[in-house]
Each structure stands twice: as structure tokens, then as C-alpha cells.
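Asker: Could you work out the structure for the sequence below:
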Amino acid sequence: MNISIIKIGGNVIDFPEKLDEFLFLFSRFPGKKILVHGGGVMASKFGENLGVMPQMVDGRRITDKDTLDIVTMVYAGLINKQIVAKLQGLKQNALGMTGADGNLIRSTKRPVKTIDYGFVGDIKEVNVDLISYLVSEDIIPVVSAITHDKKGQLLNTNADSIASEMATALAKKHDVKLYFCFNKSGVLIDEKNDNSIVPLINEDIYAELRKEEVIHSGMIPKLDNAFAALHKGVNHVWIGKAENLLLAAKGKLSGTTIEKHRFDIF
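Answerer: Model (predicted):
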């Protein structure tokens with residue numbers, strides 16, 4: 001079975017018109033598909049309104065108890081159900097889920113090393129049989145960035161990591177493509193210039209761009225997860241602007257395609 005996993009970020013979710021446009025494109029996306037979403041921008045705003053200021057390290061959120069409550073309400077509640085309702089309105093049979101639902105994604109609380117990330121989950125297991133069954137029945141899982149430890153504790157988990165780990169788990173049985181959609185045209189040389197796109201990137205190029213601090217913050221975990229997925233059997237990884245999703249599905253040049261190895265220039 002061919003399955004596409006499409007991840008959408010908070011910079012699109014936060015704007016109703018952009019979200020509606022994306023979900024329309026998603027509804028036209030061919031084949032079996034899964035939608036994974038974050039919502040960090042909206043969660044940060046809700047937290048600030050409640051006096052809980054966001055703390056970020058290399059694009060990853062530090063999650064204390066109050067922050068966990070906020071991201072659970074925003075990701076698993078408000079955003080997830082809005083997306084599901086809108087997809088149902090587009091005649092897409094969507095099912096909203098967290099990692100706790102059906103034991104979809106089991107994580108463990110990240111151990112404290114140099115940084116204490118709090119209630120952040122590192123993924124240990126994906127319920128491949130459940131997700132495969134849902135997709136085979138033409139049900140579209142809409143997965144929020146909340147997992148659980150199977151001991152009663154919810155955990156905030158990076159949505160890029162969820163998309164990547166779900167893709168690699170499914171790749172053991174299926175042909176899987178992974179798409180990261182956000183508000184930029186792709187990986188950029190100059191983040192202020194949307195035309196400075198890097199159309200193809202491999203690990204050598206990534207290492208050099210990161211060394212030069214061209215790539216930083218939230219793009220780091222996104223690319224780390226992209227390369228991890230490729231090394232574990234995922235067929236294709238793409239990063240780009242949400243409105244270019246259908247172009248990417250048709251194989252037309254748009255966004256940034258991620259490759260493991262050095263490119264053949266001949």
C-alpha cells in the first residue's frame with residue numbers, strides 16, 4: 001500500500017484562510033494519506049495569555065506541567081477538532097487522534113542531560129497495525145503532537161518527529177512518502193528571501209549549512225527527522241510551502257527534496 005504522510009505546522013494553522021486553503025489541497029491529494037499537525041504558534045499565544053511564557057531550545061519546546069496542559073488543550077482539542085470538522089466538510093472521512101488513542105504512539109519522557117525538557121516524549125513505538133487498518137478503510141488519521149507513556153502520562157512530542165517516526169514504522173510494510181508543509185518555500189539560504197531556496201539537499205550540504213548557521217532553530221529538527229526517515233526506509237521526503245503540496249505530489253519541481261547521498265550531477 002502506498003501511503004503519504006503530510007505534516008502541517010503552526011505557521012499555517014494559525015491563520016484560518018491559510019488553513020482552509022491547505023485543507024482543500026489536502027482533500028485533493030491523491031491516494032492513502034495521514035495528516036500530522038503541530039500548533040506551536042497558537043499554543044504559545046494561549047500560554048502567553050495565561051501568563052505561561054514559551055521556552056524554546058533549538059526549535060524544541062521545554063514543557064513544564066502548565067505548558068503540557070496548554071499544548072494538550074490546543075493541539076489535541078481546539079486545533080485537532082477544527083481540522084477534522086473542516087475535512088469532514090470537504091467529504092474527507094477524518095479521525096482525530098493523539099498518541100494515546102488506540103495506543104497509537106508510545107513514548108518515554110526524555111531523560112535529563114544538559115537540558116531538562118520536562119514532559120517531552122521520545123517516541124518508542126508506533127501502532128502500525130492500527131494506522132494501516134484505518135488507512136486501508138479510507139479513514140484519514142489526523143494526528144496531533146501529543147503522545148503517552150502507557151502509564152497514564154501524556155507527553156508533548158515534536159510533530160516533525162511524529163511524522164518521521166510514523167513514516168519509518170509504516171515503511172517496514174508499505175511504500176511511504178513524507179511531506180513537511182510550512183510557510184516557507186523550502187530550505188532557504190536566506191530566511192528573509194523566499195526565492196533563495198535550496199531545491200535539493202543531502203547530508204553533506206546540510207552539515208555545511210548548519211556549520212555556517214544558515215540553517216538553525218526550527219529547521220534543524222525538521223531536517224534531522226527527514227534524514228532519519230530516509231535512513232529507515234522512507235522513499236521520499238519533501239519540505240515546502242503548503243500551497244505547493246499538489247505540485248510536489250505530481251513530482252513537479254517545488255520546495256526542497258531531501259536525499260541521503262551525494263547527488264549525481266551528470
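Asker: Count the residues that sit near the spatially closest residue to N2 that is not a sequence neighbour.
Answerer: Closest residue to N2 in three dimensions, ignoring its sequence neighbours and counting by C-beta to C-beta, 6 or more residues apart in numbering: D175, at 4.8 Å. No exception for glycine: its C-beta is placed from N, CA and C like everyone else's. Residue neighbour count, defined by other C-beta atoms under 10 Å, stands at 14 for D175.
Asker: P16: neighbour count?
Answerer: The local packing of P16 (other C-beta under 10 Å) involves 10 other residues.
Asker: re the thing from before, list the contacts of the residue nearest to N2.
Answerer: Contacts for D175 (C-beta atoms under 8 Å, 6 or more residues apart in numbering) come out as M1, N2, I3, N235.
Asker: what does K232 give?
Answerer: So K232 contacts T168, A171 (C-beta under 8 Å, 6+ apart).
Asker: Next up, phi/psi of it, please.
Answerer: phi -110, psi 20 (degrees, to the nearest 10).
Asker: State the distance from it to L155.
Answerer: Distance from K232 to L155, counting by C-beta to C-beta, to the nearest Å: 22 Å.
Asker: Equivalent analysis for V52, please.
Answerer: Applying C-beta to C-beta, the value for V52 to L155 is 17 Å.
Asker: swap in S164?
Answerer: 16 Å.
Asker: Enumerate every residue touching L188.
Answerer: Applying C-beta under 8 Å, 6+ apart to L188 gives the contacts D194, S196, I197, V198.
Asker: Next: V198.
Answerer: G186, V187, L188, I189, I205, L209, T256.
Asker: Next one: it from S44, what distance?
Answerer: Taking C-beta to C-beta, one finds V198 at 28 Å from S44.
Asker: Run through the helices of the stretch 101-250 of the chain in chain order.
Answerer: 128-136, 159-170, 203-211, 219-231, 245-249 (DSSP state H, counting those that start in this stretch).
Asker: what's the closest of those to T108?
Answerer: helix 159-170 (12.8 Å; C-beta to C-beta).
Asker: tell me what the closest one is packed against?
Answerer: On a contact count with 3 or more C-beta pairs under 8 Å, 6 or more residues apart in numbering; DSSP states H and E, helix 159-170 meets strand 2-8, strand 32-37, strand 105-109, strand 121-126, helix 128-136, strand 140-144, strand 175-182, helix 219-231.
Asker: got JSON lines for the helices of the stretch 101-250 of the chain, with distance to K32 and mean pLDDT too?
Answerer: As requested, these are arranged in JSON lines below (distance: least, C-beta to C-beta, whole Å; pLDDT from 0 to 100):
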{"stretch": "helix 128-136", "distance to K32": "5", "mean pLDDT": "98"}
{"stretch": "helix 159-170", "distance to K32": "10", "mean pLDDT": "94"}
{"stretch": "helix 203-211", "distance to K32": "29", "mean pLDDT": "87"}
{"stretch": "helix 219-231", "distance to K32": "17", "mean pLDDT": "85"}
{"stretch": "helix 245-249", "distance to K32": "12", "mean pLDDT": "89"}
